[in-house]
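In: sequence-free structure coming up:
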């Protein structure tokens, strides 16, 4: 693979979500805090599921093999 081909398969940085951290605590804005927590949970749902399946299959594989 040529280096120009590998660059085309990489998604541009503009598609990545941007998170801005500020020194102001979100406890003063509970609705925004709950919305952000909900977004984070939904974003990590697939990763958590894949890790769960990997852990479960590894546990059963170890039990089966002894």
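Out: The structure has been received and is ready for your questions. Here the structure is a predicted model, which is why all the values come from computation and not from measurement.

In: What mean pLDDT does stretch 52-66 get?
Out: For stretch 52-66, the mean pLDDT works out to 87.

In: Give me the phi and psi for residue 24.
Out: For residue 24, the backbone dihedrals (degrees, to the nearest 10) come out as phi -70, psi 130.

In: gap between it and residue 34?
Out: Here residue 24 is placed at a distance of 16 Å from residue 34 (Cβ to Cβ, to the nearest Å). All C-beta spots, glycine's among them, are computed from the backbone N, C-alpha and C.

In: swap in residue 65?
Out: As judged by Cβ to Cβ, residue 65 and residue 34 stand 45 Å apart.

In: who has more neighbours, the two?
Out: Neighbours per residue, other Cβ atoms under 10 Å: of residue 65 and residue 34, the larger number sits with residue 34, 11 against 6.

In: tell me which element that one is part of?
Out: With elements taken from DSSP states H and E, the one containing residue 34 is helix 30-43.

In: center of this protein, which residue is that?
Out: When Cα atoms, centre = their mean is applied to the chain, the residue found nearest the centroid is residue 44 (4.3 Å).

In: Show the contacting residues for it.
Out: Residue 44 makes no contacts at all, as judged by Cβ atoms under 8 Å, 6 or more residues apart in numbering.

In: What average pLDDT does stretch 29-38 get?
Out: Stretch 29-38 shows a mean pLDDT of 90.
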